[in-house]
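Participant: Starting from these lines, generate the structure:
(3 chains)
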Amino acid sequence: MAEQKYDLGFARYVRDNIDGGDKLSMCMQCGVCSGSCPIGTEMDHGPRKLFMMIRAGMKEAVLKSNTMFNCVSCYNCVVRCPRSVPVKYILHDLGRLAITEGYADRKEVENSRFADAFWWSVTKFGKTDERLVTAKYYFSGGIGEGIKKGMGNMRIALGMIKTKRMHLGMPHKTKKQKNLKAILAKATEIQDRTSGAGER
Amino acid sequence: MAKKYTYYPGCSSEGSAKHLDTSIRAIAPKLGIEIEDIEDWNCCGASVGELAAGKLTNAALSASNLAQAREQGDQDLMTPCAACYLNTHATNEHIREDDTFKNDLNEALAAAGKSYDGDLHVRHACEVLVNDVGLDAIREQVTNPLDGIKIAGYVGCQTVRPFAATERGGDYDSYDDPEFLDDFINATGAEAIDFDNATSCCGGSVSVMSPDKTLHLMKKILDEAKEKGADAIATPCPLCQTNVEMYQDAINQKFGTDFDIPVVFYSQLMALAFGMDASKDAALHQNIIKADKLVAKAKT
Amino acid sequence: MSDQHKIGAYLCSGCGIGEAIDMEALSTVATSEMKAAGCKVHEALCSEAGVKLIADDIASGETTKPMIAACSHRVMTDKFQFDGVNVVRANLREQVVWCHTANDEDTQMLASDQVRMGLSQTMNSNAPVAAPQQSHSETVLVVGGGFVGLTAAIEASKTGHKAILVERSDRLGGMTAHWSKVMPERPPYRDLADNPVPSLIAAVEADADITVMTDTLVTKTSGSPGMFEVELTKAGTASIETIGGIVIATGWRPYDATKLGHLGYGASPDVVTGVELEDMLGNGAVKRKSDGGAPKTVAFVLCAGSRDTAHLPYCSSVCCGASIKHAIQLVDADPDVMAYIIFDELRTPGTAEEFYRVAQEKGVIFVKGKVESVGSDLTVTYHDELLGDDIPMSGLDMVVLATGMVPNSTNVDAPTQSIDDLQEVYVKSDINPVAPFAVAGYAEGTEAPEPIVRAEEALPEGGSILNLQYRQGPHIPILADGFSDSHYICFPYETRRSGIYTAGPVRRPMDFGEAALDATGATLKVIQSIRTVSDGASVHPRVGDLSLPKFGLDICTKCKRCTVECPFGAIDENAEDFPVVNQSRCRRCGTCMGACPVRTISFDNYSVNMINEMAAAVEIPDEFDEKPRVLILACENDAYPALDMAGINRHTYSSMVRVIPVRCLGSVSLLNVSESLSKGYDGVILMGCKSGDDYQCHFVKGSGLATERMGKISETLSSMMLEPERVTTMDVSIADSAKVGKLIDDFMANIDDIGPNPFKGF
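Facilitator: Next up, the predicted model:
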């Protein structure tokens, strides 16, 4: 086994900087979260084990795992945890941390690529133009991948067009896009100012 | 006398979930609901906004919608989309509970001359139907009962979790064994089958990004619906409807199945049962997998 | 039968007895056969009218010795009490009509035999004459000035008894005197509480009824409850006190951490024990011994040298809670501190669970793992069971080892006391040899771990606490693992030396709350034993018993078996080597009576002869009737109640058995067995409480001794041409009522196989 790196301060860091991390110490390792997770078998480590790894200081192993990026936000863990640990929120924020700290490549992880495509549409139009977001997402991995994914989903796309569920015209926009942009910019400024958490 | 709600349609209403929007607008007046769209509403951020932009910035999207809605009055804000509901309701409650959060967001809103104090109540359309309208009122409107139709009531995740059993969430149903959808279905005259997978996850946004990871989750839902002889699956969530409908091909290819099950919205069923037009009101022509049996039930 | 005595039989026909038994026939047995002076049948003897019936007869002199055949002697004792009269009870209800077929020939025979045995008992027993002891002391001696001792002294004073509190060091307070905070004992069980010891010390010092003697040891103890003569030596000067009863509250000391080198102790000055940390907290601030700096990252290793056969095999119960408390104290003092608690199991029972949650809320991190080693650089390597890996926890400033409690059942400051060979047996777990015990919880057929073998006990190090001048040695008996013996099942605080009780961690690890209860309980027991002395009565289990063993010294052979076998060391020898009973030490169990080979020991109302006569009163059918007879000698503490409860639950079993209650199986003489066999009984069962290391026998050794003695009987039986299987001992506890019937029936089946006793009809 490759040498494990243990960072004893990681648990403290998670507690102070991760959304919901201050509740992590309440976890009693009962495993209801992992048992309830519909996608748990696809994860490198279930949430319970991940939390144990955080306590053991296995920062690299935690942030390199795919656990955070496989979470489907079903909230089963959140409503079932007997200690009210906000599991899903912790996982998602750990995902953000993994990208920020470079353990996961923003350009490679599907979630961040999709998120970036999504956010591009929000800032540009104020709304999600599903077709453009999908296209941008497909091509975020390069032209080759874009074409492949596009071709693979052609039938679905055609079905959507036929049933008039894919908007074909100019993207719907918010009228006062300037306003929204100003609000978002200010929010980002405050975000960076206060905690440094949630950096892009 | 109609009750007025401010209405947040959500981005999918202009695209993949157009038929949800159409059918809700159609049945609303019949159920005594008067809806007024939020002027110039914007995206709520869905499941991935936070990853893209950070918690506060993502919340600012909801804050903007809330501020605007509040300008239109203090009546409740209603949305039919599970993700929109989650984001907007969660942000609203956080504003009400955490002064620092509220102040930060108001500082951001001030950049566009807006503000919001947290005095609205954000509600899911299904909860409004259960608590404000009531099953009796729904039944009263049924002039075209959908007899002989078997429907699998697929609730999904985010419609009920994590707010359906909270006070501000309306306290109207349970997380693991919700009844509201079956009640809606039965009210239309159709038969809600006993569906164990009612709250099994369809994979959500992960299904959009990497369906190979979640096809088996959707297959579970389809397997039971088929096994129990459902004529269609009904759901309240736009993403569930799209996922479970559009990935049946891919599932058939991967697993050698032959699913071809229509996936409709409860509001489409209601529109049909209320005797309204199958296309204009129930928007059944917008389901990719045609719900022929349902269309056949249309009065006109 | 003596002319002075008029034995009146009273038969109750209530509770279903009259419907199941022919009462007239029973009356005939009483009068015509057994020659009772009178026999009256009543439908409810326990009613006012029934009791009056008997009372009037006694008052008028028509009856001087009543025999009441009704319910079990265990019930209605308050109703059937007549001053100065020895009331004998025969069981017609729980052990006849409630467990056997009604209106049946065998049941009728059983009922008749019960009446015969009852009347025989009445003829052969007399009301004991009380022998109150006049001059005695009401003072309580408390040995040990820690939390338990302080509490005991105050409780004694509160009940109006003077107390002498003896402490070997120069200060009161014991191990916990200077502890800063203690675990919460009041709702919501979340906040640390103040140390109660300082205010206890102040209360004790201000109490006029408590004499505090520091720098004092108990150098001699002789006498008996109510009249102990205790020599107290304070800094070289001896004084004698007369004491009523003694509470031993000598407490605990921490396990020697120098033995925990594998956990880093000694390798680095910053590996400390929980007790050392407690000292630092008590002195104000926690500082690393190496450089005086304040630690920022601390790991607690739980079960350090505990639950480990190489060190302390037991759990000390409070270390988990104490470590959580320490962690909370560190984090409260400095929120930047990271505290890790590494546990194998976490024992936070009851309200301590809330306390555990408080620690979690404050950010203390709990890790489940087995610590394998601690390096000199303070790296703690533990096997994380949930991750399935060996994790090195490095970057720590301090490691705290939560070590266990070692009881001060001896005075380790004093040199090891020499003990006679004869006395050795009383100190080293004299109940039973230390037998390996199987690991519980494994189903038959599955692979269980090897049975746990306890190390052979050594004689305890150090001097004795009380220096008892008893022939059974100076020490208070000590159990395996060094804790003072206390009969924890039935009689906590009991030490096997009457009038002397243990309380607190010296008898088992415990926390402040339990220790306070212990101190109070032991003190009350002492007071009970003091007060019964002036009545001449016994303490538990035969509370209020006035009878005393009488020795017929004319045929005593001075074999010393009685003195050796008395579980309580109540019997000494006088100058001529004859046995002498220290009356107030005696618990009236009759073990001496069972031990005596010449049967010269007896009680006014209980003797070898009485049991033999009762057994002989039973009508033994001859072998052609195919009705065997088996005698059950059932100890009154567990076996007899189990039989009663079998009846209460209407379990049925063979009606061929005849039950005689005995005080303890230890009081059963070999003669009782051989006589009954020679009278024609087909079998004899000695039914009593469990013996052995985890004994339940209410008199500690009785059932064990009986088993040992019966081991010797097989020779006798063989010489009588009788099968040894005819005599057996059975472990029956009060909880075994559901199976006692089956045990009896299985034995009867065995007897059927062996065949009838050839001595029948001789």
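
Participant: In chain A, which helix is the longest?
Facilitator: Counting residues, the longest helix found in chain A (DSSP state H) is helix A:177-194.

Participant: which residues touch that helix?
Facilitator: Helix A:177-194 is contacted from outside by A:123, A:125-126, A:174, A:197-200, B:42, B:53-57, B:59-61, B:63-64, B:104-105, B:107-114, using Cβ atoms under 8 Å, 6 or more residues apart in numbering or on different chains. Yep, even glycine has a C-beta here, placed from its N, CA and C like the rest.

Participant: ok, and the closest non-adjacent residue to residue B:39?
Facilitator: If the residues on either side of it in the chain are set aside, residue B:39 comes closest to residue B:68, at 5.9 Å by Cβ to Cβ, 6 or more residues apart in numbering or on different chains.

Participant: ok, the one you found - how many residues close by?
Facilitator: With neighbours defined by other Cβ atoms under 10 Å in any protein chain shown, the count for residue B:68 comes to 21.

Participant: so does stretch A:74-82 get close to chain B?
Facilitator: Yes: with Cβ under 8 Å from any Cβ of the partner chain as the measure, stretch A:74-82 is seen reaching chain B through A:74, A:75, A:76, A:78, A:79, A:80.

Participant: List the buried residues for that stretch?
Facilitator: Of all the residues in stretch A:74-82, those buried under the rule 16 or more other Cβ atoms under 10 Å in any protein chain shown are A:74, A:75, A:76, A:77, A:78, A:79, A:80, A:81.

Participant: Chain neighbours aside, what residue packs nearest to the residue of the stretch 201-300 of chain B found nearest chain C?
Facilitator: When Cβ to the nearest Cβ is the measure, the stretch 201-300 of chain B has its nearest residue to chain C at residue B:213, with 24.6 Å between them. In space, residue B:213 comes closest to residue A:42 once its chain neighbours are excluded; the distance is 5.2 Å by Cβ to Cβ, 6+ apart.

Participant: Does the one you found touch residue A:70 like I think?
Facilitator: Yes: using Cβ atoms under 8 Å as the test, residue A:42 is close enough to residue A:70 to be in contact (5.1 Å).

Participant: who has more neighbours, these two?
Facilitator: Relative neighbour count places residue A:70 above the other of residue A:42 and residue A:70, with 23 against 20, counting by other Cβ under 10 Å.

Participant: Stretch A:109-118 - what's its average pLDDT?
Facilitator: Taken as a whole, stretch A:109-118 has an average pLDDT of 93.

Participant: hmm, who's touching that stretch?
Facilitator: The set of residues that contact stretch A:109-118 without belonging to it, under Cβ under 8 Å, 6+ apart, is A:69, A:95, A:99, A:104, A:106-107, A:128, A:133-134, A:136-137, A:140-141, B:46, B:48-49, B:51-52, B:205, B:208-210.

Participant: Now with 6 Å, please.
Facilitator: A:69, A:99, A:106, A:133, A:136, A:137, A:140, B:48, B:51, B:52, B:209, B:210 (Cβ atoms under 6 Å, 6 or more residues apart in numbering or on different chains).

Participant: Next: stretch C:25-39.
Facilitator: Stretch C:25-39 is contacted by residues C:6, C:7, C:8, C:9, C:11, C:111, C:112, C:115, C:119 when judged by Cβ under 6 Å, 6+ apart.
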